[in-house]
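1. Provide a 3D model corresponding to the input given below.
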Amino acid sequence: MNLELEYLPRWPRRKDFRIGCIGSGFIIRDCHLVAYRQAGFNPVAIAARDHAKAKAVAELHGLTRCHATIADLLADNSIEVLDIAVPPDVQPGVIREAVQHAGHIRGILAQKPLAMTVPEARECVEQCAKAGITLAVNQNMRYDQSVRALKDVLRRGWLGEPVLGTIDMRAIPHWMPWSEKLHSLSTYVMSIHHLDTFRYWFGTPERVLASTRPDPRTRFPHTDGINLYILEYDNGCRASSWDDVWTGPAREGSESDIGIRWRVEGTDGLARGTIGWPSYPAKTPSTLDFTTKQQPGYWLQPRWSEVWFPDAFAGTMAQLLCAMEEGKEPEISGRDNLETIALCEAVFRAAKEHRVTTVKEFLDV
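-> Have a look, this model is predicted:
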C-alpha cells in the first residue's frame, strides 16, 4: 500500500499575494504570521483596535506597515488579501467595511465561526459574493495533519463505509476575554473544531442529540462548558464527542490526564489517533494509526514532523490563495461554513431545550 498520504496543504503557484492582517492577538502573533513566514507567503501590513499591540506584532514579524486604524488598512490599495482575526461577534462588521474596498481586496480569510448566527454569516457570504471577493473561513483543525491524513484514508476507501467516529477531548482551553459576552462559550469556541471535523470526514449530519453543563473552573457566567453530543446520519453513521474542558482538578492540585484522542471505525478498517495541540507550546505532532482488511495483520503508522499549531495555519491561507488563482470556491468557503454554524446552533439548542434537533431547521432560517 502507498502510505504517502495527502496530509499537507496544496500550495498556490503565486505566494506573493500582499496580505493585510487585522488583529494582534495570539492567533495572529503566534500562529498565522509564524506559519505564513514558514510557507513563504507575503504579509505586509497590520492594524488592530490596540495600535500599540499591532505595532509590537509588526516589529516582531517584520511587517512593513502598521496602520493606525483598521479603516486605514482597508483603504490601503496595495492589500490584496485580508486576514481577519477578531472576535466572531464583531467580525461581520469588519467584513461589511471590507467589501466597500472590493476594487483591491480580492480575498478574505475570516476566523471561525464566520458569525454567531446563520443569518449574519449568510449576509457576509452574500456581500462578498456580490462584491467579487473570495471568502474563506479559518477552520484550522481541517489542516491538523492527522485529521487531513484520515480524510485521505477515507477517500481511498481503506476503512470502507464509516460506522462510528468519536473524539475524546480532555483539555483545558484558555478562554479569551471576548468570549465572556457571547451567547455560547464551548459550542462556538471549542466544540466548533470537532463539529467541523466531523463534517469534513463524514458530511453534515441530519440530527443532533446533546447535553451540556457549566465548567467548574470558568468563573464568568456561561451555560455550555462541558459538551457531550451525538450526530446522526441517515446512512447509519454516528459521530460523537466528549468535549471536556474541565478534565478534573488538574489546575487545582490533582494529577492531570490531559489529551485528545479520536477513533473512526468502518466496515473494512479502523483508525485511531491523537491531537498534539494540548502540549502547546511544545511541538507535539498529532498521530494516526490504522488497520484495514486490504492489508490484514498490520497497524499502519504514518508519521510526520509538522504540528497543528502553528503549521496548519499555512493551509487555511493556502486554500484561499489557490481558490483565488483558479476562480473556484475555497475548500473551506464562507458558504460551507454556514453548515458548521448551523450544526453548532443545533448542538447548543439540543442541549438547552432537551430535544433532538436538525441542522436543517437552523440552516433554513
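2. Give me the distance between Val189 and Glu180.
-> Plainly put, Val189 is 11 Å away from Glu180 if you go by CB to CB, to the nearest Å. For glycine as for every other residue, the C-beta is placed from the backbone atoms N, C-alpha and C.
3. More neighbours: these two, which one.
-> Val189 (22 against 13; other CB atoms under 10 Å).
4. mind listing what that one touches?
-> Pro173, Trp175, Ser179, Leu182 (CB atoms under 8 Å, 6 or more residues apart in numbering).
5. Just the ones of those in strands?
-> When strands are assigned by DSSP state E, not one member of the contacts of Val189 lies inside them.
6. Write a PyMOL command that selects only the buried members of those residues.
-> Listed next is the PyMOL selection for buried residues among the contacts of Val189, using 16 or more other CB atoms under 10 Å:
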select buried, resi 173+175+179+182
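7. out of the contacts of Val189, which one sits closest to Gln295?
-> Pro173 (38.1 Å; CB to CB).
8. Tabulate the contacts of Val189 (CSV), appending distance to Leu63.
-> CSV is the format used below for these (distance: CB to CB, whole Å):
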residue, distance to Leu63
Pro173, 28
Trp175, 28
Ser179, 27
Leu182, 29
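9. Could you identify the helix or strand that succeeds the strand or helix carrying Asp83?
-> Taking DSSP states H and E as the definition, Asp83 sits inside strand 81-84. Heading C-terminal from strand 81-84, the first helix or strand you meet, by DSSP H and E, is helix 91-98.
10. what packs against that next one?
-> helix 70-74, strand 81-84, strand 107-111, helix 118-131 (3 or more CB pairs under 8 Å, 6 or more residues apart in numbering; DSSP states H and E).
11. what's next to the last one, contact-wise?
-> Looking back up the chat, that one is helix 118-131. 91-92, 95-96, 99, 102, 108, 110, 113-115, 134-135, 334-335, 337-338, 341-342, 345, 362-363, 365.
12. just to revisit the earlier point, out of the helices and strands packed on helix 91-98, the one nearest Thr204 is which?
-> Comparing these by CB to CB, helix 118-131 comes nearest, at 13.0 Å.
13. how about that closest one: buried residues?
-> In helix 118-131, the ones that count as buried by 16+ other CB under 10 Å are Val118, Glu120, Ala121, Arg122, Glu123, Cys124, Val125, Gln127, Cys128, Ala131.
14. Present the residues you listed as JSON lines; the columns should include pLDDT and distance to Ser305.
-> As requested, these are exported to JSON lines (pLDDT from 0 to 100; distance: CB to CB, whole Å):
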{"residue": "Val118", "pLDDT": "98", "distance to Ser305": "39"}
{"residue": "Glu120", "pLDDT": "98", "distance to Ser305": "39"}
{"residue": "Ala121", "pLDDT": "98", "distance to Ser305": "35"}
{"residue": "Arg122", "pLDDT": "98", "distance to Ser305": "40"}
{"residue": "Glu123", "pLDDT": "98", "distance to Ser305": "41"}
{"residue": "Cys124", "pLDDT": "98", "distance to Ser305": "36"}
{"residue": "Val125", "pLDDT": "98", "distance to Ser305": "36"}
{"residue": "Gln127", "pLDDT": "98", "distance to Ser305": "40"}
{"residue": "Cys128", "pLDDT": "98", "distance to Ser305": "36"}
{"residue": "Ala131", "pLDDT": "98", "distance to Ser305": "40"}
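15. Format the residues you listed as CSV; extra columns: distance to Leu5.
-> Rendered in CSV, the data for the buried residues of helix 118-131 read as follows (distance: CB to CB, whole Å):
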residue, distance to Leu5
Val118, 34
Glu120, 37
Ala121, 32
Arg122, 35
Glu123, 38
Cys124, 33
Val125, 31
Gln127, 37
Cys128, 33
Ala131, 37
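16. buried sites along stretch 329-340?
-> Pro330, Glu331, Ile332, Ser333, Gly334, Arg335, Asp336, Asn337, Leu338, Glu339, Thr340.
17. Those in helices, which ones?
-> In helices, defined here by DSSP state H, the members of the buried residues of stretch 329-340 are Gly334, Arg335, Asp336, Asn337, Leu338, Glu339, Thr340.
18. which one of these sits closest to Thr197?
-> For those, the nearest to Thr197 is Thr340 (9.7 Å; CB to CB).
19. give me every residue that touches the residue most central in space within the chain.
-> Nearest to the geometric centre of the chain sits Gln139, at 2.2 Å (CA atoms, centre = their mean). Going by CB under 8 Å, 6+ apart, Gln139 touches Lys112, Ile192, His193, Asp196, Thr316, Ile332, Asn337, Thr340.
20. Now do the residue located most distally from the centre of the chain, the pLDDT please.
-> Residue farthest from the centre of the chain, counting by CA atoms, centre = their mean, is Gly297 at 35.2 Å. Model confidence at Gly297, given as pLDDT, is 94.
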